[in-house]
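Participant: below is the sequence, then the predicted model.
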There are 2 protein chains.
Amino acid sequence: MKSYTERDMMRVLLTSLMLCLAATQAPAQSPAPPKQPIPLRDMGSFHIGGRLIEITGQPVKEIVFTPGGVPAKVDPNGTYQLEQMYVQYFLPQSRKGKLPLLLWHGGGLTGVTYETKPDGGDGWLNNFIRYGWDTYISDAMERGRSGWTNTFTGEPVFLPLGDPWERFRIGPIGSWNADKAKRVTYPGTLFPIDSYQQFMKQGVPRWTTTDERIVAAYIELIDKVCPCVVLVHSQSGSFGFKALEARPDKVKALVAVEPAGIGDPKQAAALKGIPTLVVFGDNIALDSRWPQIRKNDDGFFDEITRAGGKVDVLDLPKAGMRGNSHMLMMDKNNLQVAALIQEWLAKQGLVR
Amino acid sequence: MKSYTERDMMRVLLTSLMLCLAATQAPAQSPAPPKQPIPLRDMGSFHIGGRLIEITGQPVKEIVFTPGGVPAKVDPNGTYQLEQMYVQYFLPQSRKGKLPLLLWHGGGLTGVTYETKPDGGDGWLNNFIRYGWDTYISDAMERGRSGWTNTFTGEPVFLPLGDPWERFRIGPIGSWNADKAKRVTYPGTLFPIDSYQQFMKQGVPRWTTTDERIVAAYIELIDKVCPCVVLVHSQSGSFGFKALEARPDKVKALVAVEPAGIGDPKQAAALKGIPTLVVFGDNIALDSRWPQIRKNDDGFFDEITRAGGKVDVLDLPKAGMRGNSHMLMMDKNNLQVAALIQEWLAKQGLVR
């Protein structure tokens, strides 16, 4: 494994400063400075994957879909479509990324993760489109526009406001308080805490029993649009490593942002041909779970490296960038972090 | 009420033919002809509305979010954010619509309704952006990227493949068959039936008890981005009429595509200042529910007209355009229908 030096960082920070000045980091509600345009040659969406199931033996229902509306007879027996995945794509006129870039989000969230930040600033989607990447955003199977079904095993998980505050390392364990004035953050947190409730509006229910089918849908996406570059975050770290183990020849680089889970260690060698950048934020050592998650990650990367693979770790605080939360793409320096990723992708020969 | 004549139609069809030739109606999977670019000055998304609730007295859970991952303690007590609505917007560089255009979808679906058609052709979103409208697409509260909660009353509704086939007037009652070869359609249906399963991947569960909160979120959207033009479809007909009754001064035109429900008839007079175009597809008389829905709609429009309002009804088959289903924005002639809507909006003085 290779780590970035402080000198690398200084150089990149200088170039990203100009990008940052051009782009916007305006707080919510305040008048935004003029933004760079986004000239697209096309945009669109599709659903992929899924399967059909048969339901039988149910009574026919009469449903009034709208109060005061005309009742409809609905026969719930028959064939159902389920477990598909929603994908939206944006293709810039001036294409500079050599391959499509796929952005996969983390648990309890959707592709909105990469859109406008909760504080109104530009997210990574607009930023990577402006860099010239054909960019594909998906909602993992079961979430958002992918739809969900009552055939999943177990109960969906709903999160109260205080849970991600601590698990996403905005503040330490026990730092959440219903009273805004009494909430504690890690020193110098870069998460836009005034927009925390706005961030929580992005949350969607998620199950803990559906990983295999989520990965199956991602594999179908790879089969449809790759060769490509995949960028994963948090829960989708696990999905990414597993999908790439199944399709190692189709993914030409992997960017794993704070991966919260690993692939199958026995198949780690399959990833040796995929240059990988892993990005970690701050305060990992102070969290109750992240030291172990990081240890699991590092062990998995060691397996890949031992097989002859290349895993670059960008540990932001070690490189002098302090205060990043788990939600790097929403932190105040999100475009600087994106610039580091872009520079790494360029080094892999993936930018024209 | 005024109806379009066949001569109106001929003139509009001629202009829309050129648009149609420029745009694409390619079937899925086949190589698409070059598309017109989409130069945007900005795009983004936000969540709006919703409320907070308190949950107390629940035991703390230990959750393994990823099989083999590090367990997390989740205290389900606390404050929850719910009932917000997701909105995505696209702002063309060359703005020709004088006001933002809001596209609201129908029941059991999301904003995807207006994106790429199930057959791969351009939907109304791209088309109205190309016309130069600042276009806002939302997922109704409870659906898609708006998220959902287990606090709604009653059970969510899931639809088997055969149900929309008949209720959306692709084929007559009893025409669905699990065997593709045995399915019957209305003569000359314009719905792309080879992509019907792809269409059903767009479906999401919906409740029948949440209308008030859906309308509340739409009213918040109107307060944020209007004055504007609102385009509704099917179930959101009811949402649109109700939200506009609450904010009649903020909406400068309403396009109601096959509205499946009406507003409060006692408040119909509030809509008298909003020019309204209603669009109906084919085979309404042959359906089990649509004759009554149409009768309810017409009665509501009469109330508006009696109060001095202006409701133009574009009955497509009466005007010589046969075969449209309930899903006009996905039918093979979707861009021609959009051209008729655009022409009507221009007549209202809303196009530069």
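Facilitator: Thanks, I have it.

Participant: mind checking the end-to-end distance for stretch A:146-162?
Facilitator: 27 Å (Cα to Cα, to the nearest Å).

Participant: who's in contact with the closest residue to A:K98 other than its chain neighbours?
Facilitator: Spatial nearest neighbour of A:K98, excluding adjacent residues (Cβ to Cβ, 6 or more residues apart in numbering or on different chains): A:L350 at 5.1 Å. From N, CA and C alone the C-beta is placed, and that goes for glycine too. Listed by Cβ atoms under 8 Å, 6 or more residues apart in numbering or on different chains, the contact partners of A:L350 are A:97-99, A:229, A:252-253.

Participant: pick the one among these closest to chain B.
Facilitator: A:G97 (17.8 Å; Cβ to the nearest Cβ).

Participant: which residues does that closest one contact?
Facilitator: A:128, A:131-134, A:229, A:345, A:350-352.

Participant: rerun that using 7 Å as the cut-off
Facilitator: Going by Cβ atoms under 7 Å, 6 or more residues apart in numbering or on different chains, A:G97 touches A:131-134, A:350-351.

Participant: equivalent analysis for A:A253, please.
Facilitator: A:A253 touches A:229, A:274-275, A:345, A:348, A:350, counting by Cβ under 7 Å, 6+ apart.

Participant: partner strands of whatever helix or strand it lives in, with direction?
Facilitator: Taking DSSP states H and E as the criterion, A:A253 maps to strand A:251-257. Within its sheet, and counting by DSSP bridges, strand A:251-257 is paired with strand A:228-233 (parallel), strand A:276-280 (parallel).

Participant: just these: most buried one?
Facilitator: strand A:228-233 (a mean of 27; mean count of other Cβ atoms under 10 Å in any protein chain shown).

Participant: roughly how far out does stretch A:276-286 sit from the chain middle?
Facilitator: Offset of stretch A:276-286 from its chain centre (Cα atoms, centre = their mean, to the nearest Å): 15 Å.

Participant: name the residues that touch that stretch?
Facilitator: By Cβ under 7 Å, 6+ apart, the list of residues contacting stretch A:276-286 reads A:169, A:172, A:186, A:254-259, A:290-291, A:294, A:297, A:301, A:310-317, A:322-326, A:328, A:337, A:341, A:344.

Participant: out of the residues you listed, which end up buried?
Facilitator: If you count burial by 16 or more other Cβ atoms under 10 Å in any protein chain shown, the buried members of the contacts of stretch A:276-286 come out as A:169, A:172, A:186, A:254-259, A:290, A:294, A:297, A:301, A:310-316, A:322-326, A:328, A:337, A:341, A:344.

Participant: against A:F280, how distant is the residue nearest to A:L271 when sequence neighbours are not counted?
Facilitator: Once flanking residues are discounted, A:L271 sits nearest to A:I304: 5.0 Å by Cβ to Cβ, 6+ apart. A:I304 sits 16 Å away from A:F280, going by Cβ to Cβ, to the nearest Å.

Participant: what separates A:G237 from A:G323, distance-wise?
Facilitator: 22 Å.

Participant: if we can go back for a sec, among the contacts of A:A253, which are in strands?
Facilitator: Secondary structure from DSSP state E places A:V229 of the contacts of A:A253 in strands.

Participant: quick check: the farthest pair among the contacts of A:A253?
Facilitator: A:I274 and A:L345 (12.8 Å; Cβ to Cβ).

Participant: which of these two has more residues huddled nearby?
Facilitator: A:L345 (25 against 22; other Cβ atoms under 10 Å in any protein chain shown).

Participant: any buried residues in the helix or strand containing the residue nearest to A:L271, and which?
Facilitator: Element membership for A:I304 (DSSP H and E) is helix A:290-306. By 16+ other Cβ under 10 Å, the buried positions in helix A:290-306 come out as A:290, A:293-294, A:296-297, A:300-301, A:303-305.

Participant: so can I have CSV of these showing pLDDT?
Facilitator: Putting the buried residues of helix A:290-306 into CSV (pLDDT from 0 to 100) gives the following:
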residue, pLDDT
A:W290, 97
A:I293, 97
A:R294, 98
A:N296, 97
A:D297, 97
A:F300, 98
A:F301, 98
A:E303, 98
A:I304, 98
A:T305, 98
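
Participant: of those residues, closest to B:T56?
Facilitator: Using Cβ to Cβ, the buried residues of helix A:290-306 come closest to B:T56 at A:W290, 28.8 Å.

Participant: measure that closest one to A:D282 for me?
Facilitator: 10 Å.

Participant: now do A:W124
Facilitator: 19 Å.

Participant: got it, and A:Y80?
Facilitator: A:Y80 is 45 Å from A:D282, by Cβ to Cβ.

Participant: looking at these two, which is more packed in?
Facilitator: A:D282 (24 against 21).

Participant: list, one by one, the residues from the stretch 101-250 of chain A near chain B.
Facilitator: With Cβ under 7 Å from any Cβ of the partner chain as the criterion, the stretch 101-250 of chain A meets chain B at residues A:107, A:110, A:112, A:115-116, A:126, A:139, A:144-145, A:147-150, A:157-158, A:160-163, A:167, A:178, A:197-198, A:200-205, A:208, A:211, A:235, A:238.

Participant: just these: which are in strands?
Facilitator: Short answer: these in strands (DSSP E) are A:D139.

Participant: can you pull the contacts of A:L40?
Facilitator: A:90-93, B:37-38, B:40.

Participant: ok and the strand ranked longest in chain A relative to strand B:38-55, angle-wise?
Facilitator: Taking DSSP E as the criterion, chain A has its longest strand at strand A:38-55. Orientation check (axes from the mean of the first three to the mean of the last three Cα atoms, to 10 degrees): strand A:38-55 against strand B:38-55 gives 50 degrees.

Participant: what residues of strand A:38-55 count as buried?
Facilitator: A:38-50.

Participant: partner strands of it, parallel or antiparallel?
Facilitator: When DSSP bridges is applied, strand A:38-55 pairs with strand A:78-92 (antiparallel), strand B:38-55 (antiparallel).

Participant: CA atoms only: put the shortest one into PDB for me.
Facilitator: By that I understand strand A:78-92. The C-alpha trace of strand A:78-92 is given here as PDB (Å, rounded to 0.1, in the frame of the first residue of the first chain):
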ATOM      1  CA  GLY A  78     -50.500 -12.900 -10.500                       C
ATOM      2  CA  THR A  79     -46.900 -12.000 -11.500                       C
ATOM      3  CA  TYR A  80     -45.000  -9.300  -9.700                       C
ATOM      4  CA  GLN A  81     -41.800  -7.500 -10.900                       C
ATOM      5  CA  LEU A  82     -39.400  -6.900  -8.000                       C
ATOM      6  CA  GLU A  83     -35.700  -6.300  -7.000                       C
ATOM      7  CA  GLN A  84     -34.900  -4.100 -10.000                       C
ATOM      8  CA  MET A  85     -32.500  -1.100  -9.600                       C
ATOM      9  CA  TYR A  86     -32.900   2.500 -10.800                       C
ATOM     10  CA  VAL A  87     -30.000   4.200 -12.700                       C
ATOM     11  CA  GLN A  88     -29.900   7.900 -13.900                       C
ATOM     12  CA  TYR A  89     -27.100   9.000 -16.200                       C
ATOM     13  CA  PHE A  90     -25.600  12.300 -17.400                       C
ATOM     14  CA  LEU A  91     -23.300  12.500 -20.400                       C
ATOM     15  CA  PRO A  92     -21.300  15.700 -20.800                       C
END
